[in-house]
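K.L.:
no sequence on this one, just coordinates:
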Ligand code: GLC
């Protein structure tokens, strides 16, 4: 208490004496640093949400002001699928809704970097117009296991796709003059015990899988902020790791932005600051006192304080708030909603479409089953949730699209969801707005199948639509039962509906409104068509209707493998919600206190394709309403890596877009390598039937390198490289090769 009073007195005295002091400008940061007292430097490194930002509820944080030196307070707010704050504020009837865009795993399924950048260009506009300086997104940890609770926020199992998508995301956000924050750096691949879990990862897997996507995001996105993850990495908290935050991030990768903690107040504040973590968030008095104590005791040097403060001040002078931007509090939500619908439509993955079930005939009579058809999940749970003004559902969107819905069934699910929400409102652990602003209260269980109506519906309706939905989110990982696997009721629903409708020669379509991969092999034979919109944002149900109606030809591709069995993923041997949980060794619980990434680089398709293990739906897979032919490619070695081009022709009946996935198989010898790895990708524009487009790719030798931990270096071997152009990792349409004459290597530091 005394220290706080002394600090307050010191800061207010400083304010009084502030006349004649330099005022912060972009070009006088060094003068400002020199003019700052040690206490002021320390106060800049421990965040706070100052009273002017009272209305940013929930997950916002900020940097303290130092009026004496013209340093304003600034504010950060969550993402990544939209701004996370309450829509209501004191003393005004105005509302402050935000757009719930498609979640990361869906927008990445577009495989369209331009589209991603366009989407986050709009999202960044909302950040700017609502007066936020730093946006806490993208979340981009690798999908190591289908069971990670936050996979919905993240992009992929593949580091190249994840890194390129994150870089595009960052460019879009920052094109508005606000700061994007790449998170959670690094290896935050489970939610169980996320604050303390020690991710134990070999150097090669760390470099090739878990750091590689962040490396790409930093080098190609130039984010203004990086958020260190809560977890430990090889025994050291990420936020306290000098090797991670300074040696690798800054010295190797050239990162020059600000580094902040994830939201908490871990012990070791000073160790984090010394390691290169510039800003404690959200910031607390106890951390400030620790920092001041350290300054007094000389446990942190003036140079270290100044180094970190320099990064924070450079961030501050970049902010709209420092520049005095008069934000409107009135972003164009309608235009953003239309864009959210377009992005979702371009990203939805069609997993099955037997016998031309889709697109549906105009005006078709539909029976729509599943609680999720009414309680459609737009975004997952936690800090990544977004309070949209309205989340469209399938009843509304299919009606809007001109289909004729069975009203008994619509009424049944509408009443069920209304009662379910009313019950939760009463039972809700906190007030409904807070409860809902974290995404709680969405559908958690399937209703009974309305058996009494089923047979008549199958006779009267043309097609059955079944919506299977899941929430998922921050703070907990997914379970096998009733989550990765269908629940008994969901299985019953699909079986009964498909029996009834198939007996009458009618079709069944399943919509997977989910946040993470689920089991599909045990039931997908009962569906004639399957669409995967993941959690597609507030307009997602309308995008699903656009695809069902054929207004949009699906062009999304999987960014994560759908295995036959979750135990087919080698990571399942070391994941907290898989069967192997919790043996205590020396008091430490396996997969809770520490997680061995024993699978190494064998993540996702790298494992399945190399070892020839059958999967349900492979990485990069997705169907279209049309077909494409790939030409013989041109592949050439270049002075640094290779170049390639391939021409794609639409050989089907309707216009469509094709994603070209470029995989490379390295020469045998030396390190054991995956049979093929994604090294480039592109997406055509919409090609009319018969129309062609040539896509070209350039891949530098460094991006072909594997990491040799024996010598702590990236190595690109000499030899013959095979290049495969695929419509999925297992559907190779064209191939070529090139030769690298001289091996190359790039030495780095071990972590
Ligand atoms: C949360 C999340 C992080 C979020 C932050 C602020 O715990 O891990 O993604 O940005 O805290 O809410």
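P.N.:
Yep, that arrived. None of the values given here were measured: they were computed from a predicted structure.
K.L.:
and stretch 693-711, what's buried?
P.N.:
Neighbour-count burial for stretch 693-711, counted by 16 or more other C-beta atoms under 10 Å, picks out 693, 695, 697, 699, 701, 703, 704, 705, 706, 707, 708. Glycine gets a C-beta too; all of them are placed from N, C-alpha and C.
K.L.:
residue contacts, the second one?
P.N.:
Read it as residue 695. 645, 646, 647, 648, 660, 682, 684 (C-beta atoms under 8 Å, 6 or more residues apart in numbering).
K.L.:
kindly recompute the last result at 10 Å.
P.N.:
The contact partners of residue 695, taken as C-beta atoms under 10 Å, 6 or more residues apart in numbering, are 630, 633, 644-648, 658-660, 662, 680-684, 725.
K.L.:
where does it land in three-state SS?
P.N.:
What DSSP: H, G, I helix; E, B strand; the rest coil gives for residue 695 is strand.
K.L.:
beta-bridge partners for the closest residue to residue 76 other than its chain neighbours, please?
P.N.:
Excluding the flanking residues, the one nearest residue 76 by C-beta to C-beta, 6 or more residues apart in numbering is residue 134, at 3.6 Å. Judged by DSSP bridges, the bridge partners of residue 134 are residue 76, residue 179.
K.L.:
I'd like the distance between residue 134 and residue 223.
P.N.:
Per C-beta to C-beta, to the nearest Å, residue 134 is found 10 Å from residue 223.
K.L.:
looking at those two, which is more packed in?
P.N.:
residue 134 (28 against 25; other C-beta atoms under 10 Å).
K.L.:
any idea how far whichever strand or helix holds residue 459 is from the chain center?
P.N.:
Residue 459 is part of helix 451-460 when elements are defined by DSSP states H and E. The chain centroid and the centroid of helix 451-460 are separated by 40 Å, computed with C-alpha atoms, centre = their mean, to the nearest Å.
K.L.:
now it: buried residues?
P.N.:
454, 457, 458.
K.L.:
which one is the residue of the stretch 51-200 of the chain found nearest the ligand nearest to, not counting chain neighbours?
P.N.:
Residue nearest to the ligand within the stretch 51-200 of the chain: residue 59 (3.2 Å; C-beta to the nearest ligand atom). Distances taken as C-beta to C-beta, 6+ apart place residue 78 nearest to residue 59, at 4.2 Å, with adjacent residues excluded.
K.L.:
and residue 202, by the same measure?
P.N.:
residue 600 (5.6 Å).
K.L.:
which residues of the chain lie near the ligand?
P.N.:
Residues of the chain lying close to the ligand by C-beta under 6 Å from any ligand atom are 59, 78, 136, 139, 183, 262, 263, 383, 474.
K.L.:
shouldn't the fifth one be in contact with residue 141?
P.N.:
Yes - because the distance of 8.1 Å satisfies C-beta atoms under 10 Å, residue 183 is recorded as touching residue 141.
K.L.:
residues shared between the contacts of these two?
P.N.:
Common neighbours of residue 183 and residue 141 (criterion: C-beta under 10 Å, 6+ apart): 153, 154, 214, 229.
K.L.:
for the second one, phi and psi?
P.N.:
When read as degrees, to the nearest 10, the backbone of residue 154 gives phi -100, psi 180.
K.L.:
list the contacts of the residue of the stretch 201-350 of the chain found nearest the ligand.
P.N.:
Residue nearest to the ligand within the stretch 201-350 of the chain (C-beta to the nearest ligand atom): residue 263, separated by 3.6 Å. Contacts here follow C-beta under 10 Å, 6+ apart; on that basis residue 263 touches 47, 59-61, 76, 78, 136, 227, 230, 280-283, 383.
K.L.:
with distance to residue 622 as added columns, please give the residues you listed in JSON lines.
P.N.:
Output for the contacts of residue 263, formatted as JSON lines (distance: C-beta to C-beta, whole Å):
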{"residue": "47", "distance to residue 622": "42"}
{"residue": "59", "distance to residue 622": "33"}
{"residue": "60", "distance to residue 622": "37"}
{"residue": "61", "distance to residue 622": "38"}
{"residue": "76", "distance to residue 622": "35"}
{"residue": "78", "distance to residue 622": "30"}
{"residue": "136", "distance to residue 622": "30"}
{"residue": "227", "distance to residue 622": "31"}
{"residue": "230", "distance to residue 622": "34"}
{"residue": "280", "distance to residue 622": "43"}
{"residue": "281", "distance to residue 622": "38"}
{"residue": "282", "distance to residue 622": "40"}
{"residue": "283", "distance to residue 622": "44"}
{"residue": "383", "distance to residue 622": "29"}
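K.L.:
by neighbour count, which of these wins?
P.N.:
residue 76 (32 neighbours).
K.L.:
check what pLDDT that one gets.
P.N.:
Note on residue 76: pLDDT of 97.
K.L.:
I figured it hits residue 260, correct?
P.N.:
Yes - counting by C-beta under 10 Å, residue 76 touches residue 260, with 8.0 Å between them.
K.L.:
which neighbours do the two share?
P.N.:
47, 61, 63, 134, 136, 181, 225, 227, 279, 281, 282, 315.
K.L.:
among those residues, find the lowest-pLDDT one for me.
P.N.:
Scoring these by pLDDT puts residue 61 last, at 93.
K.L.:
distance of the closest residue to it other than its chain neighbours from residue 264?
P.N.:
The shortest distance from residue 61 to any non-neighbouring residue, by C-beta to C-beta, 6+ apart, is to residue 282 (3.6 Å). Distance from residue 282 to residue 264, counting by C-beta to C-beta: 8 Å.
K.L.:
do residue 179 as well
P.N.:
20 Å.
K.L.:
who has more neighbours, these two?
P.N.:
residue 179 (26 against 13).
K.L.:
my guess is the more buried one meets residue 224, correct?
P.N.:
Yes - counting by C-beta under 10 Å, residue 179 touches residue 224, with 3.6 Å between them.
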